[in-house]
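Visitor: Quick one, fold the following:
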Amino acid sequence: MDQGIKKQTRARYVTVFATFLAFMGIGVVDPILPIIAEKIGANPAQIELLFTAYILTMAIMMIPSGLAATRFGDKKMMVAGLAVVTVFAFLCGASGGITELALFRAGWGFGNSMFFATAMTLLIALTPSANTAVGMYEAAIGLGMAGGPLVGGLLGGISWRLPFIATGCFVLIAFLLVLFMIQEPEKKSVRKAAGLKELLHLATHKPFLRVAGSSMFYYYGFFVVLAYSPLMLHMSAIQLGLVFFGWGLMLAYGSAKLAHNLEERYKPSQIIPWSLGAFCLILLLLFLVHTLWLQILLIIVIGLFCGLNNALFT
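Guide: Next up is the predicted model:
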């Protein structure tokens, strides 16, 4: 095999592995939410700030990060993002109160915005087929979302600080791998940086507005499942970790396998109404059902539709 192809293949798998580790950081806090509330005396609204600060910061910074990547390069932005995540993950593990923890999670979200804005673009450039790259990226997301709660559950039973420290170590490994083992492909097409005119055009582009609006409301429901349901289950950290590990595996299958199988036969616009309808139905059942084993089953099953909707909206 040509040496250049070997390097490109290695860089592709390093990018996938780094994506897996980065997405673990989203779910690692999930099973330890009740423990954090107990140990530092936070109420449910304060606990939910850990997700709000993280996701809001990441959402706001994604566009600036994407614009910066066109100037400085995808690899540099990925490395910078992973470095920032590493620092703030360790700071989360050392924090003394809910305010500090929420601020550090916001910093974590800022680092992830730099990574997420560039990882898929670089992976597509490193992969012969764009569809293959998207499939690998979605599989890494799903498995990361499954692995995060499992790590959080296993270590959270010992101390709520350990999942943050462990994630910091994992992301540090990803940082070193990307820094030393990835080179941006020489034949990568140069992207022109979007300007204010292009961004304003999006605000009047009806297909974009429809997709953006519907996905925004969908992700509200997604994070109700991910961030709120651990507080209502009243289970230990390891039990919650196993529940959301199952949820994450279903999410991985839904995004990496089921979505692509369905897209071979139907358009995404034909599938989304049905997948959103099923998602809403299970959310309604979670509201009505009070039997623990049935709540657990519904949370795991809804992971399938979370993965399906994630892939289709992407």
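Visitor: Sketch out the helices for this protein, chain order is fine.
Guide: 3-27, 33-40, 44-72, 74-94, 98-126, 130-156, 162-181, 196-202, 206-223, 229-233, 237-253, 259-263, 268-288, 292-313 (DSSP state H).
Visitor: Can you tell me which helices and strands the last one packs against?
Guide: Put plainly, it is helix 292-313. The contact analysis (3 or more C-beta pairs under 8 Å, 6 or more residues apart in numbering; DSSP states H and E) places helix 292-313 against helix 130-156, helix 206-223, helix 229-233, helix 237-253, helix 259-263, helix 268-288. To be clear about C-beta, it is placed using only N, CA and C from the backbone, and glycine gets the same treatment.
Visitor: Now do the last one against helix 292-313, angle only.
Guide: This points to helix 268-288. Orientation of helix 268-288 against helix 292-313 (axes from the mean of the first three to the mean of the last three C-alpha atoms, to 10 degrees) gives an angle of 160 degrees.
Visitor: Buried ones in helix 268-288, by neighbour count?
Guide: Within helix 268-288, the residues that count as buried by 16 or more other C-beta atoms under 10 Å are 271-272, 275-276, 278-279, 282, 286.
Visitor: Now pLDDT too, for these, in a markdown table please.
Guide: As requested, the buried residues of helix 268-288 are exported to a markdown table (pLDDT from 0 to 100):
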| residue | pLDDT |
| --- | --- |
| I271 | 94 |
| I272 | 93 |
| S275 | 95 |
| L276 | 96 |
| A278 | 96 |
| F279 | 97 |
| I282 | 97 |
| L286 | 95 |
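Visitor: Looks like R10 contacts M181 (just checking).
Guide: Yes. In this structure, R10 is within contact of M181 by C-beta atoms under 8 Å, at 6.1 Å.
Visitor: Distance to Y137 added to the buried residues of helix 268-288, as TSV?
Guide: Below are the buried residues of helix 268-288 laid out as TSV (distance: C-beta to C-beta, whole Å):
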residue	distance to Y137
I271	19
I272	19
S275	19
L276	22
A278	24
F279	22
I282	26
L286	29
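Visitor: closest to L202 among those?
Guide: Here the nearest of the buried residues of helix 268-288 to L202, counting by C-beta to C-beta, is I272; it sits at 19.9 Å.
Visitor: Could you pull up the residues touching that closest one?
Guide: 214, 309, 312-313 (C-beta atoms under 8 Å, 6 or more residues apart in numbering).
Visitor: for the protein, what are the low-confidence residue spans?
Guide: Residues of the chain that meet the criterion pLDDT under 70 lie in 1-4, 184-196.
Visitor: what about the nearest residue to A94 once chain neighbours are set aside, how many neighbours?
Guide: Nearest residue to A94, sequence neighbours excluded (C-beta to C-beta, 6 or more residues apart in numbering): R161, at 7.4 Å. Other residues within reach of R161, judged by other C-beta atoms under 10 Å, total 18.
Visitor: do the one 4 residues further on as well
Guide: Applying other C-beta under 10 Å, we find 16 other residues in the vicinity of I165.
Visitor: ok, it to L292 distance?
Guide: 31 Å (C-beta to C-beta, to the nearest Å).
Visitor: burial count for the nearest residue to M120 once chain neighbours are set aside?
Guide: Using C-beta to C-beta, 6+ apart and skipping the chain neighbours, the partner closest in space to M120 is Y137 (5.2 Å). Per other C-beta under 10 Å, the neighbour tally for Y137 reads 24.
Visitor: Pretty sure Y137 sits against V16.
Guide: Yes. At 7.2 Å, Y137 and V16 qualify as touching, with contact defined as C-beta under 8 Å.
Visitor: list residues touching both of those two?
Guide: Both Y137 and V16 are in contact with L123, where contact means C-beta under 8 Å, 6+ apart.
Visitor: What separation is there between the nearest residue to F279 once chain neighbours are set aside and L126?
Guide: Nearest non-adjacent residue to F279, counting by C-beta to C-beta, 6+ apart: F305, 4.4 Å away. Distance, F305 to L126, using C-beta to C-beta: 30 Å.
Visitor: one step back: closest to N43 among the buried residues of helix 268-288?
Guide: Distance to N43 across the buried residues of helix 268-288 (C-beta to C-beta) is lowest for L286, with 21.5 Å.
Visitor: Excluding covalently adjacent residues, which one is nearest to that closest one?
Guide: L298 (5.4 Å).
Visitor: so how far is L292 from that neighbour?
Guide: 11 Å.
Visitor: which residues touch the closest residue to G307 other than its chain neighbours?
Guide: Nearest residue to G307, sequence neighbours excluded (C-beta to C-beta, 6+ apart): G254, at 2.6 Å. By C-beta under 8 Å, 6+ apart, the residues touching G254 are 142, 303-308, 310-311.
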